[in-house]
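>>> This is a predicted model, with the sequence first.
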Amino acid sequence: MLTEITGLPDHIFGVRATGEVTSDDIKSVLLTGLQRTARRFKEIRYLLVLETDVKNFTAGAWAQDIKAGLQNFSKWKKIAVVSAEKGVEWFTDVFTIATPGQSKGFKPEEIEDAKAWLNAED
């Protein structure tokens with residue numbers, strides 16, 4: 001399930017992933033929020049807090065996630081992924097090479113650092 005994270009600065013869109021994540025979650029929460037943020041700010045600063053294993057994303061969710069990334073490709077400014085899975089953190093750090101923006105992985109205890117990094121102008 002995806003839920004929007006509240007209490008973030010307006011220009012940062014964030015979601016929390018728990019349990020199984022489906023294509024409907026991606027469509028109704030992620031795509032909607034990314035489109036709203038891109039329209040309003042002309043860029044996307046995105047916080048993803050993974051409180052579930054990436055294996056809990058259905059195939060349909062992965063397809064919709066790729067679609068979301070491509071639809072907003074030129075608008076990505078910063079992507080912060082918070083996860084206890086070391087592989088996810090490493091992948092996120094390397095992902096910067098493939099996207100126009102920056103991406104960075106954080107451990108769960110570094111969530112405030114992730115929010116500060118997203119908010120910083122650099």
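Here it is on my side, so go on.

>>> the bottom helix or strand of the chain by mean pLDDT?
Taking mean pLDDT, DSSP states H and E as the measure, the chain has helix 86-95 as its least confident helix or strand, at a mean of 56.

>>> in the protein, which spans are helices?
Per DSSP state H, the chain carries helices over the ranges 23-25, 32-41, 59-71, 86-95, 111-119.

>>> mind checking how far stretch 112-122 is from the chain centre?
Remark: stretch 112-122 is offset 14 Å from the chain centroid, using C-alpha atoms, centre = their mean, to the nearest Å.

>>> Where among the helices of the chain is average confidence lowest?
When the helices of the chain are compared on mean pLDDT, helix 86-95 scores lowest, with a mean of 56.

>>> Disregarding flanking residues, what is the spatial nearest neighbour of residue 18?
Setting aside the residues directly before and after it, residue 18 is nearest to residue 51 in space (C-beta to C-beta, 6 or more residues apart in numbering), at 4.9 Å. C-betas here are computed from N, CA, C, even on glycine.

>>> From residue 39, how far out is the one you found?
28 Å (C-beta to C-beta, to the nearest Å).

>>> try residue 16
Residue 16 sits 22 Å away from residue 39, going by C-beta to C-beta.

>>> and if you look at residue 105?
Residue 105 is 27 Å from residue 39, by C-beta to C-beta.

>>> ok, now residue 85?
32 Å.

>>> Among those two, which residue is more densely surrounded?
residue 85 (16 against 9; other C-beta atoms under 10 Å).

>>> Hmm, residue 55 and that one touching each other?
No - Residue 85 is beyond contact range of residue 55, at 9.8 Å (criterion: C-beta atoms under 8 Å).

>>> Name the residues contacting each of the two.
Counting by C-beta atoms under 8 Å, 6 or more residues apart in numbering, residue 85 and residue 55 have no contacts in common.
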